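Colleague: can you look at this prediction? I've put the sequence above it.
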Amino acid sequence: MAEDKTDKEDELVVKDSTREEIDEKPTKSDEPTGTELQQAMDQAEAEAADTPAAEEPKTTKKLGHKKLSRKQLALIISGAVALIIAILFIVPVTRYAMLGVFIKRDVTVTLLDSKTNKPVSSVAVAMANKSATTDAKGMATLKGVPVGSKKLTTHKKYYKDLSVDETVGVTGGSPSFSVNIEATGRQVPVKVVNKISQQPVEGADVTADGTSSKTDKNGEAIVVLPADKSDVDATVSLGGYNKSTVKVTVTEQQDAKNTFAVTPSGKLYFLSKRSGTIDVMKSDLDGTNAQVVRKGTGNEIDTGTVLLASRDWKYLALQSRRDGGEQDKLFLIDTTHDDKLTTIDEGSASFTPVGWYNQFFMYTTIRSNIQNWQPKKTAIKSYNAQTNQLSVLDETDASGSQSSYAQQSYGDTYILNNKLLYTKVWYGDSSVAKGKSATVSVIQPDGQGKQVLKDFGPVNGSVQARLYEPQSVYFQVSSYDPPYKNVYYEYEDGQMKNIDLTPETFAKTYPTFLLSPSSKYTYWSESRDGKNLLFVGNGDAQNATQVAGVDGYKSYGWFSDDYILASKNGSELYILSRTNPGTPLKVTDYHKPDVSFYGYGYGYGGF
């Protein structure tokens, strides 16, 4: 009997509650469907069934007269858990609490002014410990908000704080809420425009009296300010523009005083003699904040001082006589490192700048310590402004003696796309120069890819070149011997070929096509009907569009691909928008040296 009692006490009696009926009430459209509930229960049951058990010998319990293994017991428990989950899912509060652990959604909130119905920017929005700030469209996105009933709060100075309950549903599209908020101050309309183009500026922050607003695509914003003030100091800021300090007139009416112009960020460099010496100066794009970069020493000469900027305005090449000597020196001004001044080249030589190609500055030099009958008297060099490496690209040859000699000389030199093109001819005693060839060659700015494009053979005459398009060159080979014939060639698309050309076509004055930093656009000036007109075209100088309403200006350079620089009267510098030029904005008066770099398009300041 005692044994039977013990057996009964060891028995495990399990009541099968899964047979109990549960009345399900209809759910709202934003609540989980029956399919979704079944999926959730299946997931919970699967997770419970997949829970690994420790490896140990199987034991059994008695259920009535049936023994249960641990696996069977686990299945029964998981079914009970699933049932409990199903019961909790019927109750919305517990259902969303449970789903919120697994389901999170991105919520979009749009805030509108209750009076004007316009978007309100720079509002702090929060929900379920997630926060964001509204943009110029009054929109903010809260990432990863758990589903269920949540409290949405907003805060911005001079607006009433808002706290409302919103339900982030499980089904349907991305949750979004549009809410009106009420201003407590005076709603002041402001507008921000680009000072150069006069076009609206989107996304600018207008900050005043501890509150801020962002401008929309029309450059407009509403700034709510205290009604007891007539005006308030403010700042306008946006990446890519100089920060501007302004004064906002507190009025709810449109007022021209509340239209503010901001200047794109960047610096222009130029020579100036306003102090009495030739200084290197810089200013903002609108000419403000002018300052001296390198003070002149008084030894500079008007005709020999040259400043050439690379297309990105990171580097400047300065040719100047600063130390009182009889020879110019070449200097680098690195605008990316506090306008650091470095000597490029100096010594017993004269220098003639050719120009920039990206970070490479190229020039020719004539060495005064080498005699005319000796080789290497003249050289073409390049200087890498990034690495400070100086390279010799080419040198001239010579033949003969002091009493009778011939030497090579460089003729026309043009910078093309990643190539320097140049001619070399012989001159001197005909008996020594006899049989010597004239050539045209190309070489990359880093010294690679040197190639003789054409060996014209012995030429008792001249070889001249004309850059007639951004990457195309005409050549005229003239003979001094009867029948005094001219022969013409063309270099285009990397090929050199003989062509038919008239002397008049070759001798034309072709524009200097200035290439934008990306090489997507060209910019030049032409004289038509007695007027200097400006044109912008594509990278090949095709599809030209005249810069409307601008007469009497000459092309000077680019600043980024968005702005063109023009000169007037040889000493006035202006800036215009490429897409919306309008009236040119004067930057500064400047000192123009008596040197022009015709045909050179890969840098600025040579006109």
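Modeller: Yes, it's here. Quantities reported herein were computed from a predicted structural model and do not represent experimental measurements.

Colleague: what about the helices in the stretch 401-550 of the chain?
Modeller: Secondary structure of the stretch 401-550 of the chain (DSSP state H, counting those that start in this stretch): helices at 430-433, 503-507.

Colleague: comparing those, which comes out most buried?
Modeller: Comparing the helices of the stretch 401-550 of the chain by mean neighbour count (mean count of other CB atoms under 10 Å), helix 430-433 comes out on top with a mean of 14. All C-beta spots, glycine's among them, are computed from the backbone N, C-alpha and C.

Colleague: list the contacts of it.
Modeller: Contacts of helix 430-433 with the rest of the structure, by CB atoms under 8 Å, 6 or more residues apart in numbering, involve S399, G400, S404, Y405, A406, W426, Y427, P458, N460.

Colleague: thought V440 was touching E490?
Modeller: No - applying CB atoms under 8 Å as the test, V440 and E490 come out as separate, 11.3 Å apart.

Colleague: who has more neighbours, those two?
Modeller: Per other CB atoms under 10 Å, whichever of V440 and E490 has more neighbours is V440, with 25 against 16.

Colleague: what bridges to the more buried one?
Modeller: Beta-bridge partners recorded for V440 (DSSP bridges): T423, K454.

Colleague: give me the pLDDT for it.
Modeller: We note a pLDDT of 97 for V440 in this prediction.

Colleague: contact partners for it?
Modeller: With contacts defined as CB under 8 Å, 6+ apart, the neighbours of V440 are 421-424, 452-454, 456, 463, 465, 475, 491, 496.

Colleague: who does the spatially closest residue to R294 that is not a sequence neighbour bridge with?
Modeller: Nearest non-adjacent residue to R294, counting by CB to CB, 6 or more residues apart in numbering: V280, 4.1 Å away. Beta bridges link V280 to L271, R294 when assigned by DSSP bridges.

Colleague: for this structure, which spans come out with low pLDDT?
Modeller: Applying pLDDT under 70 to the chain flags residues 1-68, 79-102, 607.

Colleague: what ranges does it have for its helices?
Modeller: 2-10, 34-49, 70-90, 92-102, 430-433, 503-507 (DSSP state H).

Colleague: what's around the closest residue to N117 other than its chain neighbours, how many residues?
Modeller: Of all residues not flanking N117 in the chain, N180 sits nearest, at 7.8 Å (CB to CB, 6+ apart). When counting by other CB under 10 Å, one arrives at 13 neighbours for N180.

Colleague: so who does N180 touch?
Modeller: Here N180 is in contact with L111, L112, D113, S114, N117 (criterion: CB under 8 Å, 6+ apart).

Colleague: correct me, but the first one touches V120?
Modeller: Yes - under the contact definition of CB under 8 Å, L111 touches V120, with a separation of 4.7 Å.

Colleague: touching both of these two, which residues are there?
Modeller: Contact criterion CB under 8 Å, 6+ apart; residues shared by L111 and V120: T134, G138, I181.

Colleague: distance of the last one from F260?
Modeller: Spelled out, it's I181. Here the criterion is CB to CB, to the nearest Å. By it, I181 lies 25 Å from F260.

Colleague: more crowded one of those two?
Modeller: Regarding I181 and F260, a neighbour count based on other CB under 10 Å identifies F260 as having more, with 23 against 20.

Colleague: more neighbours, L111 and V120?
Modeller: For L111 versus V120, the count of surrounding residues by other CB under 10 Å is larger for V120: 27 against 24.

Colleague: so the more buried one versus G552, what's the distance?
Modeller: From V120 to G552 the distance is 48 Å (CB to CB).

Colleague: do the same with A385
Modeller: A385 is 35 Å from G552, by CB to CB.

Colleague: what about the two, which has more around it?
Modeller: A385 (22 against 11).

Colleague: report the contact partners of the more buried one.
Modeller: Residues in contact with A385 (CB under 8 Å, 6+ apart) are S310, K314, Y315, L332, D334, Q359, F360, F361.

Colleague: same question for A128.
Modeller: Going by CB under 8 Å, 6+ apart, A128 touches L142, V145, P146, K150, K151.

Colleague: just give the nearest non-adjacent residue to G347, would you?
Modeller: Q327 (7.4 Å).

Colleague: tally of neighbours for that neighbour?
Modeller: 13.

Colleague: swap in N388?
Modeller: N388 - counted by other CB under 10 Å - has 11 other residues nearby.

Colleague: could you give the number of residues near the nearest residue to E490 once chain neighbours are set aside?
Modeller: In space, and not counting its chain neighbours, E490 is closest to I499: 4.7 Å by CB to CB, 6+ apart. I499 sits with 11 neighbouring residues when counted by other CB under 10 Å.

Colleague: look up which residues are beta-bridged to I499.
Modeller: Y488.

Colleague: ok, it to V487 distance?
Modeller: Remark: distance between I499 and V487 (CB to CB) = 10 Å.

Colleague: one more: E300?
Modeller: Distance, E300 to V487, using CB to CB: 44 Å.

Colleague: kindly list the longest strand within this structure.
Modeller: strand 405-416 (DSSP state E).

Colleague: same for that one, what does it pack against?
Modeller: Other helices and strands packing on strand 405-416, by 3 or more CB pairs under 8 Å, 6 or more residues apart in numbering; DSSP states H and E, are strand 349-357, strand 360-367, strand 378-384, strand 398-400, strand 419-428, helix 430-433, strand 461-469.

Colleague: same list, the contacts of helix 430-433, but as JSON lines with distance to G582 and neighbour count please.
Modeller: Shown next, in JSON lines, are the contacts of helix 430-433 (distance: CB to CB, whole Å; neighbours: other CB atoms under 10 Å):
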{"residue": "S399", "distance to G582": "60", "neighbour count": "18"}
{"residue": "G400", "distance to G582": "62", "neighbour count": "17"}
{"residue": "S404", "distance to G582": "64", "neighbour count": "12"}
{"residue": "Y405", "distance to G582": "60", "neighbour count": "17"}
{"residue": "A406", "distance to G582": "57", "neighbour count": "20"}
{"residue": "W426", "distance to G582": "53", "neighbour count": "24"}
{"residue": "Y427", "distance to G582": "52", "neighbour count": "15"}
{"residue": "P458", "distance to G582": "57", "neighbour count": "12"}
{"residue": "N460", "distance to G582": "56", "neighbour count": "14"}
